[in-house]
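Novice: fold the following for me, if possible:
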Amino acid sequence: MATRFRSDGKLTWNVEVESGVSTDYGVEVVASFFGAPNFCKVRVTVDPATSSSSVKGTIRRKDTHWPTTFDTVKNYFKQTEKQIAEDYLWSYSRHAIAETITLKPGKQTISLEAYGLQTKQLIDFRSLNLIPVAAKGAIAKDKADAKAARANTNWFMNSKYGIMVHWTDLTVNLDGSRSTYQKAVNSFNVPKFAALCADVGAKHVIFTVNHQHPHCPAPIAEWATIHPGWTTERDLLGEIADALTSKSIKFMIYVASHLVGQSNGLGDAAEVKWLAAHRVFSNSDLKKNKHFDITKNNKIVLEAMGKRYKEKLSGIWLDGWDLIPETYPQADFKGIFMAAKAGNSDRLVAFNRWIFPTVSHWQDYWAGEMDSPEDIVEKTRYIGFDAGLGLQYHSLISMEQDWVLTKENLQEYGKKYYTKPRLKGGEIISYVKRAMKRQGVVTINVAIEQNGAIMPATRSILKKLKAEIRKGNSPVPAPSVSKPVMEPTKAPKKKYQSLKNVGYCNSGEVAFKGLNPAKCW
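Specialist: This next block holds a predicted model:
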C-alpha cells in the first residue's frame, strides 16, 4: 500500500518513454508523514546518463480527515521499532513540486529520495505522479466535464443518515449457522428488512451485490456470463428496491469492482490472492486473461443493473479503487461512471479510494470509508482535503468491530464482537449532527445476520438516533464558513490487516515498470 522510510532513503523506477511523448512533466508526491518537524525534504532525479534532470522540494503536512498532534508523536515513538513498522499512517496528501523534470525517449531511471529525516519522523510514500505539461489543458477540461456531469446530491444530503449491510455468502447467523447463498436469498424476508430500515430511521440503504465472492442476488444475465453459477433466480435486489421505495427510502448498492471478473471466486481469501497476483505491476499478464479486464467487466454489469432498475437504483458505491488505478493505470473512470448512470442520470456514483487522495473527478460523492467518526470536520459541504477533494461529503462508519458477521470472527472473538457495539449512541448522534451542519451525510454499517436481523443493541442505538434526528424532519441547516475543528476519535480501521505479507507495493499512479522499493507491505 505504501513504502516507509524511517531514515533517509531512495526509491528507483526503471521507465521507458515512447518517442513522441511529452518530455516535460510536473511532479507530485503522494505521501503521509508523521513526527516533528512537520515537513520533509524530497528530491526527484532522472538518471543523469540519459536526461540530467533533477528537482527538489519541501513537502509539509497538510490538514486531512485524520490529523496528528505533537503529543501523539511523542507517544508514538515510545513504541518499539517493530510496532512502528507494523502501524499504518492514514493522512495522505498530494504534494506538488514547483519545478518540472524532463524525460527523453528510451529507457531511463527515476528516483524519489527523502533526506534530512529526524529520529522522531517517518514518511510513507504512496506514489510518485508525473503530469505531462502538454496535457494540462486536456486534464483541466476533463475535470470541468466531470464536474458538469455530476448529479445533484441534495436528496442524499437531506437523507442525513442511512445504513449499509454487508449481506454476503459468508454472512452467518449469530449462532454460527449458515445456509447456502441460494437458499438464503430465497428465504430473505424483504418486508421485514424494509420495516427494519424504516424503524431505525434510515433514508438510504446500501446493499451488497458481491464482496469476497462474485455472487449477485438477482438474475442479471450479463453478470452470469462473467460469473457462471453466481446469480440467483430471485431478483432480491429488485424486491428490496421496491420495498424501500414504498417507504420513501433510497436504494443503493455496493459493488466490489476489483473482483468483477474472478469467475471462480478465488475462495475465502479472494482479496489476498488478488493482490498477490497483481503486485508490482503485471499488466502484460493480465491482458492474456479475458476475465481480468476490470474496466470492461464493470461497464457491462453496471450498465445492465442500471437499465434494469432505472430510478429505483439511486446510488452505487464502488469498492477496490484504492487498488485498481495502480494495477490498471488506463482504467476508464469516465466510461464506468457513465455506465453506472444507465437508466437514471441522477444516480449517484462513488469510487472508493479509502484514505488515499482522489484520482478521478468522475464521481458524485466521496465514498468516505472512515470506519470511525473522523478527527477533523470541515464546515463545507464539498471536501477541501485531498482525500475526496471537491466531492459531496459522505462518511461511512461501522457500528460493530467488522463490516461482515462471519463465522471466523465469532469463533475467534465470540458473540460480543458484534452484540456489543463499539460506537455509543451519544457518539453517533453527535457525529451525525456535526455532519448535518456541513450539509454532509453519514452511512452506518450494521452487522446483519443471514436471517436479516441486526444486533438488538445496535437497533436500540439507531432508534435513539432516529428520535433525535428525524423529529420534525427539519431541513438540513446551511453550513457556516470557518476553519476545520479538531475532534477526538478512533483511528480508521486497517482495511487490509490480512495483507501484511502479501508484498503488494504501489507502483505509482503512472505506468512505471520495475519498482524496487526499500520496504513494502
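
Novice: going by C-alpha atoms from here, please, whenever you check contacts or count neighbours.
Specialist: Noted.

Novice: wait, Leu237 touches Ala218, no?
Specialist: Yes: the pair Leu237 / Ala218 is scored as a contact, 6.1 Å apart, by C-alpha atoms under 8 Å.

Novice: which of the two has more neighbours?
Specialist: Leu237 (24 against 21; other C-alpha atoms under 10 Å).

Novice: give me the contact list for the longest helix anywhere in the chain.
Specialist: As assigned by DSSP state H, the longest helix anywhere in the chain is helix 294-309. By C-alpha atoms under 8 Å, 6 or more residues apart in numbering, the surrounding residues in contact with helix 294-309 are 220, 222-223, 226, 238, 257-261, 291, 313, 331-332, 335-336, 339-344.

Novice: got it, and stretch 160-174?
Specialist: 178, 180-181, 197, 201-211, 213, 215, 403-407, 410, 415, 432, 435-436, 440-451, 476.

Novice: buried stuff in the longest helix of the chain?
Specialist: 294-307, 309 (16 or more other C-alpha atoms under 10 Å).

Novice: stretch 199-218 now?
Specialist: 200-218.

Novice: same thing with stretch 420-434?
Specialist: Going by 16+ other C-alpha under 10 Å, stretch 420-434 has these buried residues: Lys420, Pro421, Arg422, Leu423, Gly425, Ile428, Ile429, Tyr431, Val432, Lys433, Arg434.

Novice: now the last one: closest residue in space that isn't a chain neighbour?
Specialist: Spatial nearest neighbour of Arg434, excluding adjacent residues (C-alpha to C-alpha, 6 or more residues apart in numbering): Val377 at 7.5 Å.

Novice: next: the fourth one.
Specialist: Nearest-residue entry for Leu423: Met399, 5.6 Å, with adjacent residues in sequence omitted and distances by C-alpha to C-alpha, 6+ apart.

Novice: got the CA coordinates for the helix or strand hosting Arg434 in CSV?
Specialist: Using DSSP states H and E, Arg434 falls within helix 425-437. Extracted in CSV, the C-alpha atoms of helix 425-437 (Å, rounded to 0.1, in the frame of the first residue of the first chain):
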residue,chain,number,x,y,z
GLY,A,425,-25.3,6.3,21.0
GLY,A,426,-24.2,9.7,22.0
GLU,A,427,-21.1,9.5,19.8
ILE,A,428,-23.3,8.5,16.8
ILE,A,429,-25.8,11.3,17.4
SER,A,430,-23.1,13.9,17.9
TYR,A,431,-21.3,12.8,14.7
VAL,A,432,-24.4,12.8,12.5
LYS,A,433,-25.4,16.3,13.8
ARG,A,434,-21.9,17.6,13.0
ALA,A,435,-22.1,16.1,9.5
MET,A,436,-25.5,17.8,9.0
LYS,A,437,-24.1,21.2,10.0
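
Novice: direction included, what does whatever helix or strand comes next after that helix pair against?
Specialist: Per DSSP H and E, the first helix or strand lying C-terminal to helix 425-437 is strand 441-445. Sheet pairing here is set by DSSP bridges, and for strand 441-445 it gives strand 161-165 (parallel), strand 394-398 (parallel).

Novice: how far off centre is the helix or strand following the last one?
Specialist: By that I understand strand 394-398. Once strand 394-398 ends, the next helix or strand along the chain (criterion: DSSP H and E) is helix 407-413. How far helix 407-413 lies from its chain's middle: 25 Å, per C-alpha atoms, centre = their mean, to the nearest Å.

Novice: in helix 407-413, which residues are buried?
Specialist: Lys407, Asn409, Leu410.

Novice: so how far is Trp403 from the last one?
Specialist: Translated: Leu410. According to C-alpha to C-alpha, to the nearest Å, Leu410 and Trp403 sit 13 Å apart.

Novice: how about Tyr431?
Specialist: The gap separating Tyr431 from Trp403 is 19 Å, by C-alpha to C-alpha.

Novice: likewise for Glu113?
Specialist: From Glu113 across to Trp403, the span is 38 Å (C-alpha to C-alpha).

Novice: Gly201 too?
Specialist: Separation of Gly201 from Trp403 (C-alpha to C-alpha) stands at 20 Å.

Novice: and what of Glu18?
Specialist: 45 Å.

Novice: please apply the same query to Glu311.
Specialist: Separation of Glu311 from Trp403 (C-alpha to C-alpha): 28 Å.

Novice: again, but for Lys82
Specialist: On the measure of C-alpha to C-alpha, Lys82 and Trp403 end up 28 Å apart.

Novice: looking at those two, which is more packed in?
Specialist: For Lys82 versus Trp403, neighbours defined as other C-alpha under 10 Å are more numerous around Trp403 (19 against 8).

Novice: looks like that one contacts Asn445 (just checking).
Specialist: Yes: Trp403 is in contact with Asn445 according to C-alpha under 8 Å; the separation is 6.6 Å.

Novice: circling back to that earlier point, the helix holding Arg434: how far from the chain's middle?
Specialist: 22 Å.

Novice: returning to what we had before: the buried residues of stretch 199-218 in strands, which ones?
Specialist: Per DSSP state E, strands hold the following members of the buried residues of stretch 199-218: His204, Val205, Ile206, Phe207, Thr208.

Novice: what about the closest residue to the last one other than its chain neighbours, which SS state?
Specialist: Closest residue to Thr208 in three dimensions, ignoring its sequence neighbours and counting by C-alpha to C-alpha, 6+ apart: Tyr254, at 4.6 Å. Three-state call for Tyr254 (DSSP: H, G, I helix; E, B strand; the rest coil): strand.

Novice: surely Pro105 meets Glu16?
Specialist: Yes: using C-alpha under 8 Å, Pro105 makes contact with Glu16 at a distance of 7.1 Å.

Novice: can you name the residues that contact Val42?
Specialist: Val42 neighbours (C-alpha under 8 Å, 6+ apart): Lys56, Gly57, Thr58, Ile59, Leu112, Glu113, Ala114, Tyr115.

Novice: what does Arg61 give?
Specialist: Counting by C-alpha under 8 Å, 6+ apart, Arg61 has contacts Ser32, Phe33, Asn38, Phe39, Ser93.

Novice: hmm, 7 Å instead?
Specialist: Phe33, Asn38, Phe39 (C-alpha atoms under 7 Å, 6 or more residues apart in numbering).

Novice: and what of Asp386?
Specialist: Ser93, Arg94, Pro357, Thr358.

Novice: okay, and the beta partners of the first one?
Specialist: Yep, that's Ser93 we're talking about. Here Ser93 sits in beta bridges with Ala31, as judged by DSSP bridges.
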